[in-house]
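Peer 1: whatever this is, show me its structure:
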Amino acid sequence: MTQPLRVLIVGAGIGGLALAQALVAAGGIDVRIHERNPDADAWLDGYRININPDGARALSRCLPTELWEAFVATSTKPPGGISFRTERLRELYTITREEMTGGSDDPADGQYGVSRRALRTLLLAGLEDHVRYGSEFDHYTTDADGTVTVHFADGSTAVADVLVGADGANSRVRRQYLPDAERVASGTTAIGARLPLDDSTRAWLPSCLSAGMTLVMPPSGRWSMFTSAFAGRGALTGAISRGIGLAGRGVDEDRLLDDADDYVLWSVIADDRALPHDVLQREGAELRELAVGMVGAWHPALRRVITDTDPTLVHATVFRQSRLIDPWPGSTVTVLGDAIHNMTPVGGLGANTALRDAAALADALRTVADGAPLVPSIEAYEARMREWGYAAVRASGDNARRATSSGPVARRAGRAYFRVRGALRRWVPNRS
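Peer 2: The predicted model follows:
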């Protein structure tokens with residue numbers, strides 16, 4: 001009997017788990033995931049995630065049907081797309097949900113807001129026997145027969161035919177495999193937090209801030225403001241009360257509930273030169289006051305979003321991104337997601353690109369399990385991954401630069417562009 005293809009994945013994040021789901025479903029592949037955190041709850045903190053149509057299509061390819069249907073049932077379908085507005089909240093242009101999804105009714109073409117806990121709970125379903133927690137990657141060696149021996153911090157080892165680095169932005173696998181693909185500063189920093197989205201805040205929030213995403217573009221200055229409304233708890237509780245049929249996969253449906261209630265994520269995105277040099281050392285209350293000062297002359301609702309936020313939740317984050325390197329020769333080691341194309345969060349492309357990687361790498365490894373040559377198949381995956389992954393890094397970097405451009409000419413040109421697009425939508429007949 002032929003030995004199954006042995007795939008060892010370092011990192012149990014979104015991309016690594018999506019890849020594992022697809023490979024386990026394919027059958028005939030020995031899938032092992034090594035995660036340095038001690039248990040499944042150790043990495044669930046953080047904001048919710050926007051899944052765009054690229055990410056949704058990839059996720060639908062990776063997940064078994066019942067898990068995909070559970071994802072759709074427990075995720076929100078934001079009614080708004082993304083709206084570009086002035087600092088007084090006058091609309092410049094809005095990309096609607098229908099435009100984002102191409103008007104498709106297929107759930108795989110959808111746009112979703114998803115709880116991080118719910119998504120990872122679904123991605124872990126059925127993989128319990130494949131994940132080893134508390135297993136910290138140290139280094140790997142390539143053996144004479146082409147296999148890879150992976151060495152862990154506790155002194156243990158594991159042998160695999162393929163090693164996949166899915167261990168995030170500070171990937172140790174990538175550091176050894178592609179040391180030149182390091183992360184570098186983007187020149188942009190954000191001050192942000194989340195404001196509870198409840199009856200009291202809905203009473204004064206403009207509708208553009210309580211549904212969908214908004215990018216506020218002032219006429220000058222080295223900063224902009226982004227908001228994203230996540231109103232998903234109702235969808236989660238409703239789906240769970242109706243029953244989504246995951247008991248057979250050992251899923252405790254109560255674990256799908258997000259720890260946080262609904263909220264509006266806000267972020268003031270600034271050129272580093274516009275911020276104090278010690279911004280990262282400042283405490284929450286100081287950061288909140290700094291952000292309030294930056295939007296002082298803007299619409300009162302934008303200021304209130306910040307002033308009504310619990311100061312202990314406010315933090316500053318430096319945006320970094322991967323250095324893009326020339327193509328490399330394929331091998332029995334590969335990488336996906338933030339491990340190779342980490343990007344700024346402006347545009348929400350990171351998780352979606354990781355899911356796209358996972359689906360493509362799963363396709364490649366399934367062909368290997370069916371007899372295709374290993375290294376050429378990985379090399380073909382990496383060529384495709386570089387194409388869309390590097391494009392996403394560039395796009396997110398461009399988005400960050402546009403949001404923090406100091407040139408009034410560039411700002412006015414950007415605002416005029418969106419005004420023209422909005423005018424054309426109003427005056428040109430719909431030809432669909």
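
Peer 1: hmm, residue 95 is touching residue 81, no?
Peer 2: Yes. Counting by C-beta atoms under 8 Å, residue 95 does reach residue 81; the two are 4.5 Å apart. Backbone N, C-alpha and C define where each C-beta goes, glycine included.

Peer 1: bridged to the closest residue to residue 225 other than its chain neighbours, which residues?
Peer 2: Leaving aside its chain neighbours, residue 225 sits nearest to residue 216 (4.2 Å; criterion: C-beta to C-beta, 6 or more residues apart in numbering). With DSSP bridges as the criterion, residue 216 is bridged to residue 85, residue 225.

Peer 1: okay, now residue 216: neighbour count?
Peer 2: Look at residue 216: counted by other C-beta atoms under 10 Å, it has 27 neighbours.

Peer 1: now the lengthiest strand in the chain, how far from the centre of its chain.
Peer 2: In the chain, taking DSSP state E as the definition, the longest strand is strand 183-196. Here the centre of strand 183-196 is set off from its chain's centre by 14 Å, with C-alpha atoms, centre = their mean, to the nearest Å.

Peer 1: counting by contacts, list what it packs against.
Peer 2: Strand 183-196 sits against strand 263-271, helix 284-294, strand 315-322, helix 374-404, with contacts defined as 3 or more C-beta pairs under 8 Å, 6 or more residues apart in numbering; DSSP states H and E.

Peer 1: deepest of these, which one?
Peer 2: Per-stretch averages of neighbours, counted by mean count of other C-beta atoms under 10 Å, single out strand 263-271 among the helices and strands packed on strand 183-196, with a mean of 23.

Peer 1: partners of that strand in the sheet?
Peer 2: Sheet pairing for strand 263-271, assigned by DSSP bridges, gives strand 183-196 (antiparallel), strand 223-230 (antiparallel).

Peer 1: between the ones you listed, which one is nearest to residue 123?
Peer 2: strand 223-230 (18.9 Å; C-beta to C-beta).

Peer 1: what's near enough to touch residue 319?
Peer 2: Residue 319 makes contact with 185, 186, 188, 189, 190, 269, 344, 345, 346, 400, according to C-beta atoms under 8 Å, 6 or more residues apart in numbering.

Peer 1: got it, and residue 370?
Peer 2: Going by C-beta under 8 Å, 6+ apart, residue 370 touches no other residue.

Peer 1: repeat that for residue 352.
Peer 2: 50, 51, 52, 54, 55, 58.

Peer 1: try it again with 10 Å
Peer 2: Residue 352 is in contact with 14, 49-59, 388, 392, counting by C-beta atoms under 10 Å, 6 or more residues apart in numbering.

Peer 1: mind checking how far it is from residue 50?
Peer 2: Separation of residue 352 from residue 50 (C-beta to C-beta, to the nearest Å): 8 Å.

Peer 1: what is the mean pLDDT for stretch 110-126?
Peer 2: Per-residue pLDDT over stretch 110-126 has a mean of 87.

Peer 1: start and end of it, how far apart?
Peer 2: One end of stretch 110-126 sits 25 Å from the other (C-alpha to C-alpha, to the nearest Å).

Peer 1: ok, back up a step: could I get the strands paired with strand 263-271 as CSV with mean neighbour count, mean pLDDT and distance to residue 143?
Peer 2: CSV is the format used below for the strands paired with strand 263-271 (neighbours: other C-beta atoms under 10 Å; pLDDT from 0 to 100; distance: least, C-beta to C-beta, whole Å):
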stretch, mean neighbour count, mean pLDDT, distance to residue 143
strand 183-196, 20, 94, 30
strand 223-230, 24, 92, 47
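
Peer 1: relative to residue 120, which of these is closest?
Peer 2: Closest approach to residue 120 among these (C-beta to C-beta): strand 223-230, 16.0 Å.

Peer 1: next, the angle helix 284-294 makes with that closest one.
Peer 2: With axes from the mean of the first three to the mean of the last three C-alpha atoms, to 10 degrees defining the directions, strand 223-230 sits at 120 degrees from helix 284-294.

Peer 1: from the chain's centroid, how far away is strand 223-230?
Peer 2: 16 Å.

Peer 1: residue 97 contacts residue 113, correct?
Peer 2: No. Using C-beta atoms under 10 Å as the test, residue 97 is too far from residue 113 to be in contact (11.2 Å).

Peer 1: so what sits against both of these two?
Peer 2: Each of 77, 78, 212 lies in contact with both residue 97 and residue 113 under the rule C-beta under 10 Å, 6+ apart.

Peer 1: of the residues you listed, buried ones?
Peer 2: In terms of neighbour count (16 or more other C-beta atoms under 10 Å), the buried residues within the shared contacts of residue 97 and residue 113 are 78, 212.

Peer 1: quick one, which of the shared contacts of residue 97 and residue 113 has the minimum pLDDT?
Peer 2: Note: of the shared contacts of residue 97 and residue 113, the lowest pLDDT belongs to residue 78, at 72.

Peer 1: residue 263 is nearest to which of the strands paired with strand 263-271?
Peer 2: That would be strand 183-196 among the strands paired with strand 263-271, by C-beta to C-beta, at 4.1 Å.

Peer 1: re earlier: ok, of the contacts of residue 352, which one's closest to residue 127?
Peer 2: Nearest to residue 127 among the contacts of residue 352: residue 14, at 13.0 Å, using C-beta to C-beta.

Peer 1: tell me the predicted confidence for that closest one.
Peer 2: In this model, residue 14 is scored at 95, pLDDT.

Peer 1: circling back: between residue 95 and residue 81, which contacts overlap?
Peer 2: With contacts taken as C-beta under 10 Å, 6+ apart, the residues that reach both residue 95 and residue 81 are 212, 213.

Peer 1: residue ranges with poor pLDDT in the stretch 1-150 of the chain?
Peer 2: 1, 42-47, 79-80 (pLDDT under 70).
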